[in-house]
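**Student:** Quick one, what's the 3D model for this:
(one chain, ligands or ions: 2)
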Amino acid sequence: MIQVGKKNSRQRIGILGAGQLALMLAQASAALDLEVVCAGRPGDCAGQVAEVRNVDLNDAEAVAAFAQGMDLVTVESENIHADVLQGLNLYPNAGAIGIAQERLLEKRFFRDCGVATAPFVAVDSLIDLHQGIREIGRPAILKTRRLGYDGKGQVRLHQSEEAAAAWASVGEAPCILEGVIGFDAEVSLIAARARSGETVFYPLVENYHREGILRVSSAPFLHEDLQQKAERHMTILLKRLNYVGILAVEFFVANGNLLANEMAPRVHNSGHWTIEGSATSQFENHLRAISGRELGSTESRPTVMLNCIGSMPPEAETAAFPGLFRHDYGKEARPGRKVGHLTFAAAEQAAIMEWEQRLQTR
Ligand SMILES: Nc1ncnc2c1ncn2[C@@H]1O[C@H](COP(=O)(O)OP(=O)(O)O)[C@@H](O)[C@H]1O
Ligand SMILES: [Mg+2]
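**Tutor:** Ligands and ions are numbered 1, 2, ... in the order given. Okay, here's the model as predicted:
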């Protein structure tokens, strides 16, 4: 009899990117008997727990060759050029990522789906910018359409005289100009949609940013009406995108309503608390969704996450707090860089206050 080589039935998932999101996806894969391989650069932090292959994510051929050896691929960043994503067995699909990586398409998509946003106009020239300021008023925010994160690629305009300097500071790149919203809170909704269409939602999270960088996520943002509204919006977005995986949508809460700010076609910083706070983390549910599995329960308890920006606090200091979960991404310290996070049960109020001070979250 001919012996047929036994096929390895473990699904192999390729992640485009090898930063902390890939690291936490790889950690979650252990529970699912999946293999995770990352495309990144030598020394990227996911290498601590998974294989990282040296792949230039701007090189379509290199990415296609990487994807060849995988059952399917996913992304840890929306900023991979749409051309590079074409033709891959990709979850979520390239169309969804293409919208989420371009602020003008994204904002128009929200509006098309009946989801309100801040007022905005497209800006392709200094003339457009002056016209936009007249239309939207001041203050306003000029944002590059592509590649913005942690408040980068954004300038606030208080006077129309600032237009020329603002236009120069974004490198005259295609932009949108947005009205500044005097929000009561910033919240995000994270959902997972399976290949079958089954969808689960996490509770709304309240997010606090300083200098454009997320500092604190506190779950749940308890508001039954807004939770329902956000879930209704999310359901429409997911269906229209034919989406599979985790999608995060950031909203402003203003006058009791939700205005969508942006969406991330991937696991999201405001969902890191789900590792300890939920029956199934966002990382596990993303892997479940894209690999064709059923989704896990999103039952959650009140939880707070604090980001460590720039550097990690010494281990001896965090170890003194038994209710604190320390996540050190193993990244080199650098100002403004997300290098780790701390998670607490919301009941640990004294510890949370202490660490908000130490991490200068406010
Ligand atoms: N139109 C706006 N009105 C008020 N605040 C804003 C507005 N746009 C952005 N911000 C503030 O800046 C933060 C970062 O902006 P965002 O558009 O989410 O870009 P990114 O997260 O990609 O850097 C937001 O979370 C919010 O705190
Ligand atoms: Mg944002």
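
**Student:** what's the burial count for residue 30?
**Tutor:** Neighbour count for residue 30, taken as other CB atoms under 10 Å: 11. In short, each C-beta sits where N, CA and C put it, glycine included.

**Student:** Surely it is within a helix?
**Tutor:** Yes. Judged by DSSP: H, G, I helix; E, B strand; the rest coil, residue 30 forms part of a helix.

**Student:** Return the residues of the stretch 101-250 of the chain in contact with ligand 1.
**Tutor:** Residues of the stretch 101-250 of the chain lying close to ligand 1 by CB under 6 Å from any ligand atom are 118, 141, 148-151, 178, 180-181, 186, 209, 212, 250.

**Student:** Any of these buried? List them.
**Tutor:** 118, 141, 148, 150, 178, 180-181, 186, 250 (16 or more other CB atoms under 10 Å).

**Student:** Save these as TSV, and put in secondary structure and pLDDT too.
**Tutor:** Below are those laid out as TSV (DSSP: H, G, I helix; E, B strand; the rest coil; pLDDT from 0 to 100):
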residue	secondary structure	pLDDT
118	coil	97
141	strand	96
148	coil	80
150	coil	77
178	strand	97
180	coil	96
181	coil	96
186	strand	98
250	strand	98
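
**Student:** what's the span of stretch 311-324 from first residue to last?
**Tutor:** 17 Å (CA to CA, to the nearest Å).

**Student:** Which of the buried ones among the residues of the stretch 101-250 of the chain next to ligand 1 sits closest to residue 15?
**Tutor:** Nearest to residue 15 out of these is residue 150 (CB to CB; 20.6 Å).

**Student:** Please verify my assumption that that closest one contacts residue 269.
**Tutor:** No. Using CB atoms under 8 Å as the test, residue 150 is too far from residue 269 to be in contact (9.4 Å).

**Student:** what about the nearest residue to residue 114 once chain neighbours are set aside, how many neighbours?
**Tutor:** Using CB to CB, 6 or more residues apart in numbering and skipping the chain neighbours, the partner closest in space to residue 114 is residue 236 (6.8 Å). By the criterion of other CB under 10 Å, residue 236 has 14 neighbours.

**Student:** overlap in contacts of residue 150 and residue 269?
**Tutor:** By CB atoms under 8 Å, 6 or more residues apart in numbering, residue 150 and residue 269 have these common neighbours: 214, 338.
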